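[1] what follows is a predicted structure for the sequence shown.
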Amino acid sequence: MTLTLSVMTCLGLSLGPRTSVQLGTIPKPTLWADPGSVIAQFSPMALRCQGPLETVKYHLDGIPWHRQNPLEPGAKAKFHNPSMGFHAAGQYHRYYETPAGWSEPSDPMELVVTGLYAEPTLSVLPSPVVASGGNVSLQCDTWNGFLMFVLVEEGEQKLPKGPSQALFPVGPVTPSHRWRFRCYYCFWKKPHVWSNPSDLLEILVPSVSRKPSLLTPQGPVVAHGGSLTQQCRSDVDYDRFALYKDQGVNLLQGSGQKFQAGLSQANFTLSPVSHSYGGPYRCYGVHNLSCEWSAPSDPLDILIAGQIPARPSLSVQPGPRVASGEKVTLRCQSWHHVDTLFLTKEGAAHPPLRLKSKYQSYRDQAKFPMSPVTSAQSGTYQCYSRISSYPYLLSDPSYPLKLVVSGASGSPSPPPTGPTPAPA
């Protein structure tokens, strides 16, 4: 869709009124820009004008343009500029001449050229995921001062300019409309010369369509500085997916890959991972011909390791080599004060077990029983610690412990069994 120029609250540039024209009561012409009134620098564009059939010629105030001669059928005129520069930005009027004299000037048209300054950032407050009927504010921001900001929607809604760090109210939102925006900034003395556009921002309004599922093949515990891939998949055959972190300000979007009839998936890779990536994520799906996003997936908690200075230790009873059917207990303990301990198995994608720590023998510790153990639980285990004030940040892992279970193979890679995990 074409971009719609927002309402101009101050006009600081004019290309000069025509002073030698005799104005009368002849109706004013219609003036419009093709492909639009917001144009990137060095792009071709044309100003078009239409008056009555008795029009003899047109006049365009301002800098020289390439005028088409003769007039097009229906008394239309075209003024072409093959490469728009910033000097061509401003306010334009047109007149036409008939045997009865000159017309009134057309309504003013604001012609904006973009691309002179670096792009701003556009974010949604409080969240880009909004319930139907809700309201949000879009914030356009940049390091420059003494600026005006312009919000442009890909559609028909017009939104005004604002001051530095402008907040633009939007709403109430509904799932029947696609809410997509960019913003620009300009300096007060040059209101028709804009920056490059911000990245496209979309507000997501969930509906009740069937929710997709969200998982991570590598497991939900990720080392600081590493790479995290999350997969959003559905059997509804969605064309696009979006990934959102609770209390975040941005959405990640990706195209669905079709693996078989009715099954689609999108991968979202975040790298390098920092502490801010920890938290619950959800994903959504949508069809290309629809504005209505699905219901959210169940949340997936991502935990970032290496952020708490309390590396625990991991031990096993009765020992690292046991027979199938024996009772085995993995014990995670820390000399530092922690409140939760986590147990993970290398290569397992399921969430880690977590238990509240108990203070015993001058240490915080938790015991993870496996009863009865099977050969499928052979593998390498590690444990992590956490303090409640940072619920999605973990310590460095314990040194790995390899458990070998001899005997008949059980079901593949079950998690350890034991007490009900404590809530996050």
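    Looks like it came in fine.

[2] for the residue nearest to the spatial centre of the chain, give me its contacts.
    The geometric centre of the chain, computed from its C-alpha atoms, lies nearest to Leu251 (C-alpha atoms, centre = their mean), at 2.8 Å. Taking C-beta atoms under 8 Å, 6 or more residues apart in numbering, we find Leu251 in contact with 128-129, 201-202, 204, 242-244. To be clear about C-beta, it is placed using only N, CA and C from the backbone, and glycine gets the same treatment.

[3] let's see that with 10 Å instead.
    Residues counted as contacts of Leu251 (C-beta atoms under 10 Å, 6 or more residues apart in numbering) are 124, 127-129, 201-204, 242-245, 283-284.

[4] quick one: mean pLDDT over stretch 300-316.
    Per-residue pLDDT over stretch 300-316 has a mean of 92.

[5] want to throw the contacts of Leu251 into CSV with neighbour count and distance to Leu138?
    Supplementary listing: these in CSV, determined by neighbours: other C-beta atoms under 10 Å; distance: C-beta to C-beta, whole Å:
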residue, neighbour count, distance to Leu138
Val124, 23, 6
Ser127, 19, 12
Pro128, 21, 10
Val129, 21, 14
Leu201, 21, 7
Glu202, 17, 11
Ile203, 21, 8
Leu204, 22, 14
Ala242, 26, 17
Leu243, 24, 20
Tyr244, 23, 16
Lys245, 21, 19
Cys283, 30, 23
Tyr284, 28, 20
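
[6] please identify which of these is nearest to Ser375.
    Ser375 has its nearest neighbour among those in Cys283, at 35.0 Å by C-beta to C-beta.

[7] does that closest one touch Leu300 like I think?
    Yes: Cys283 is in contact with Leu300 according to C-beta atoms under 10 Å; the separation is 8.4 Å.

[8] quick one: low-confidence ranges for this structure?
    Counting by pLDDT under 70, the chain contains low-confidence residues at 1-25, 61-75, 144-146, 155-165, 249, 260-261, 408-424.

[9] quickly list what Gln91 is bridged to.
    Using DSSP bridges, the beta-bridge partners of Gln91 come out as Glu110.

[10] next, give phi and psi for Ser276.
    phi -70, psi -10 (degrees, to the nearest 10).

[11] quick check: domain ranges of the chain?
    Structural domains annotated on the chain: 23-114, 121-203, 207-304, 309-406, as defined by automatic domain parsing.

[12] skipping its backbone neighbours, what lies nearest Gln41 in space?
    Here the nearest residue to Gln41 in space, its sequence neighbours aside, is Gly115; by C-beta to C-beta, 6 or more residues apart in numbering that works out to 4.2 Å.

[13] surely Asn135 touches Val173?
    Yes: distance between Asn135 and Val173: 7.4 Å, which falls inside the contact criterion (C-beta under 10 Å).

[14] more crowded one of those two?
    Val173 (18 against 10; other C-beta atoms under 10 Å).

[15] so who does the more buried one touch?
    130-136, 179, 203-205.

[16] let's see 8 Å
    Applying C-beta under 8 Å, 6+ apart to Val173 gives the contacts 130, 132-136, 179, 203, 205.

[17] from those, which is closest to Lys28?
    With C-beta to C-beta as the yardstick, the closest approach to Lys28 among these comes from Trp179, at 35.6 Å.

[18] what's near enough to touch the closest one?
    With contacts defined as C-beta under 8 Å, 6+ apart, Trp179 is in contact with 153, 170, 173, 202-203, 205.

[19] the residues you listed in strands, which ones?
    Mapping the contacts of Trp179 onto strands (DSSP state E) picks out 153, 170, 202-203.

[20] farthest-separated two in these?
    Farthest-apart pair in these is Val170 and Glu202; separation 11.8 Å (C-beta to C-beta).
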